[in-house]
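1. Okay, here's the prediction I keep looking at, along with the sequence it came from:
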Amino acid sequence: MHYNKKVGNFGEKLACDYLQKKGYKIISRNTRAKHNEIDIIAKIKEVIVFVEVKTRTNSNFGVAEDAICRYKMSHLNNAINLYLNYKKITDDNFRLDYIAVNIDKVKKVANIKHFKDIL
């Protein structure tokens, strides 16, 4: 497996663990919607939460908080709509969250930041 994929998978696992500790139920990971992917689909209370995760192990390309852009948001919005249509979910009780995972390889710690309802 490619290094970036390993880092991404590790960051998604950390994000899932974080969400579960906060009371979220993980519905699925890496859900494909045509050419797009939704990293995590979770549920808290009656709200479906679509989660985009970005993980960084250094700041050469910026920190994880800065890794999401309008282009990616547009693709996520399309993926969410495809998922909702496929599952025949008609209510609007959902949101898009963003989790930034910055890993300090020297200290072997991860800093997780959760941004809610970013759409």
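-> On my side now, so go ahead. Numbering: from 1, shown residues only.
2. When you work out contacts or count neighbours from here on, use the C-alpha atoms and nothing else.
-> Will do.
3. what comes up buried for stretch 34-48?
-> 36-43, 48 (16 or more other Cα atoms under 10 Å).
4. quick one: contacts of it?
-> By Cα atoms under 8 Å, 6 or more residues apart in numbering, the residues outside stretch 34-48 that reach it are 12, 16, 23-32, 49-53, 75-76, 79-80, 93-95.
5. could you redo the last one with a cut-off of 6 Å?
-> 24-31, 49-52, 79, 93-94 (Cα atoms under 6 Å, 6 or more residues apart in numbering).
6. and which of the buried residues of stretch 34-48 is nearest residue 105?
-> residue 39 (22.8 Å; Cα to Cα).
7. Grab the nearest non-local neighbour of that closest one.
-> Using Cα to Cα, 6 or more residues apart in numbering and skipping the chain neighbours, the partner closest in space to residue 39 is residue 30 (4.5 Å).
8. If you count neighbours, what's buried in the helix ranked longest in the chain?
-> Ranked by number of residues, the top helix in the chain under DSSP state H is helix 3-21. Residues 7-9, 11-12, 14-16, 18-19 are the ones in helix 3-21 that count as buried (16+ other Cα under 10 Å).
9. Next, give me the two most distant ones among the buried residues of stretch 34-48.
-> For the buried residues of stretch 34-48, the farthest-apart pair by Cα to Cα is 36 and 43; their separation is 20.3 Å.
10. Mind jotting down where the strands sit in the protein?
-> Along the chain, the stretches classed as strands by DSSP state E are 25-33, 36-44, 47-56, 94-104, 109-115.
11. Let me know which of those is the nearest to residue 2.
-> For residue 2, the closest of the strands of the chain is strand 47-56, at 14.5 Å, according to Cα to Cα.
12. For the closest one, list the C-alpha coordinates in PDB.
-> Output of strand 47-56 as PDB, limited to C-alpha atoms (Å, rounded to 0.1, in the frame of the first residue of the first chain):
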ATOM      1  CA  VAL A  47     -28.600  13.200  12.300                       C
ATOM      2  CA  ILE A  48     -26.600  11.600   9.500                       C
ATOM      3  CA  VAL A  49     -23.100  13.000   9.500                       C
ATOM      4  CA  PHE A  50     -20.900  12.900   6.400                       C
ATOM      5  CA  VAL A  51     -17.300  13.400   7.400                       C
ATOM      6  CA  GLU A  52     -14.300  14.400   5.300                       C
ATOM      7  CA  VAL A  53     -11.000  13.600   6.900                       C
ATOM      8  CA  LYS A  54      -7.600  15.100   5.900                       C
ATOM      9  CA  THR A  55      -4.400  13.900   7.600                       C
ATOM     10  CA  ARG A  56      -1.000  15.500   7.500                       C
END
